[in-house]
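Novice: just a sequence and a predicted model for now, questions to come.
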Amino acid sequence: MPPIDTLERSPDAFTLDAPTDRKRMLVIVNPYATTVSDRLKNLVVYALQGRYEVDAIDTKGKNDATAIAREAALEGYDVVVAFGGDGTVNEAANGLLGSGTPLSCLPGGATNVYARLLGIPNDIIDATEHLLRLADDFTPRKVDVVQVNDRAFTFCAGLGLDASVTQRVDSHPRLKRRFGAYYFMYAGLSIFTRRYIARPPRMQLTLPDGRELAGVTTLVQNADPYSYFKQIPLHMAEGAALDSATVSGIVLKRSTPTIMPGIIYRMLSPNARLAKHRAVDDFAGVDGLVVTSSDGRGIALQVDGDYIGDVTEARFTVLPGALTVIG
């Protein structure tokens, strides 16, 4: 793959002695991500060249990162870095599944959950320095991913309200870029009051032991936290971890006006537990589950913060150790 042609030289670029045997790194850049710009991309790529043999390529549309990452694995790159938001990371992860080529991240989105889960700083300068230092301690590890229908996700998936909010926010990228977490909050309250109080989608969740849960929204976690509101971690379900070979989750049983204040409080509180709310059922330690529409309507589905469509059935299967990462 060809590198980005022109790299801006900067006196602020990092200066570390390059190792003798430099690893090949491909940086997949989403130029439309919230905090990514051409100038920042060039500075980051130039800095990384101090420790790695770096190529970089921009994505041009949906699922480009998947195809690019898959090709990078076939071409023998030592590491693939997703520079964008969690959607870019998700696409790259789908391209690297089972390949053994490690995935890493640079924060370029609004939330950057997976980068934080891997221990990568949320500041781009600190994150770049972090990747530079990994060249001296290059120790990839295996983590789980979860497949829902024909799409894998790295840390979370949601059906119902959560996914409807993601769909709304993704359709207004300028507002997402300008207002960030506050636009997510506004979209959530707007969709809840206009659609979920009057006629929410109905779904049924079936666990491997035959237990059935009914509700209007389902959240499935492969890691904790589920997401962030600015710097505040949002702890939804309990017991999720990247290497547990299981998932955890919650089901919102109903969507009446009186429950939302308590839900929001427990989401943002460091001590209150959302799973203990009277309108929530929870599950943990399962290696798969099925969610089906109870009324025949399509239910919005999001994976890793990326809306992927409406479904009437979602089958979840844990893939233990299917992804190699470094962070």
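Specialist: Looks like it came in fine. Bear in mind that the values here come from a model prediction, so they are computed numbers and not experimental data. Residues are numbered from 1 along each chain as shown.

Novice: pull the longest strand from the protein.
Specialist: The longest strand of the chain (DSSP state E) is strand 313-325.

Novice: now it: average pLDDT?
Specialist: Mean pLDDT, strand 313-325: 98.

Novice: my read is residue 249 is in a strand, agree?
Specialist: Yes. Remark: residue 249 belongs to a strand, assigned using DSSP: H, G, I helix; E, B strand; the rest coil.

Novice: returning to what we had before: outside of the longest strand of the chain itself, list whatever touches it.
Specialist: The contact list for strand 313-325, computed with Cβ atoms under 8 Å, 6 or more residues apart in numbering, reads 93, 96-104, 118, 140-149, 152, 154, 157, 159, 220, 222, 243, 245-247, 287-293, 299, 301. For glycine as for every other residue, the C-beta is placed from the backbone atoms N, C-alpha and C.

Novice: just the buried residues of those residues.
Specialist: Buried members of these, counted by 16 or more other Cβ atoms under 10 Å: 93, 96-97, 99, 101-104, 118, 140, 143-148, 152, 154, 157, 159, 220, 222, 246-247, 287, 289, 291-293, 299, 301.

Novice: next step: these restricted to helices.
Specialist: Using DSSP state H, the members of the buried ones among the contacts of strand 313-325 that fall in helices are 93, 96.

Novice: which of the buried ones among the contacts of strand 313-325 fall in strands?
Specialist: Applying DSSP E to the buried ones among the contacts of strand 313-325, the entries found in strands are 103-104, 143-148, 152, 157, 159, 220, 247, 289, 291-293, 299, 301.

Novice: isn't residue 288 right next to residue 208, touching?
Specialist: Yes. Using Cβ atoms under 8 Å, residue 288 is in contact with residue 208, at 5.9 Å.

Novice: domains of this protein?
Specialist: 23-139, 151-321 (automatic domain parsing).

Novice: tell me which of the ones you listed lies nearest to residue 327.
Specialist: Nearest to residue 327 among those is domain 23-139 (2.8 Å), distances taken as Cβ to Cβ.
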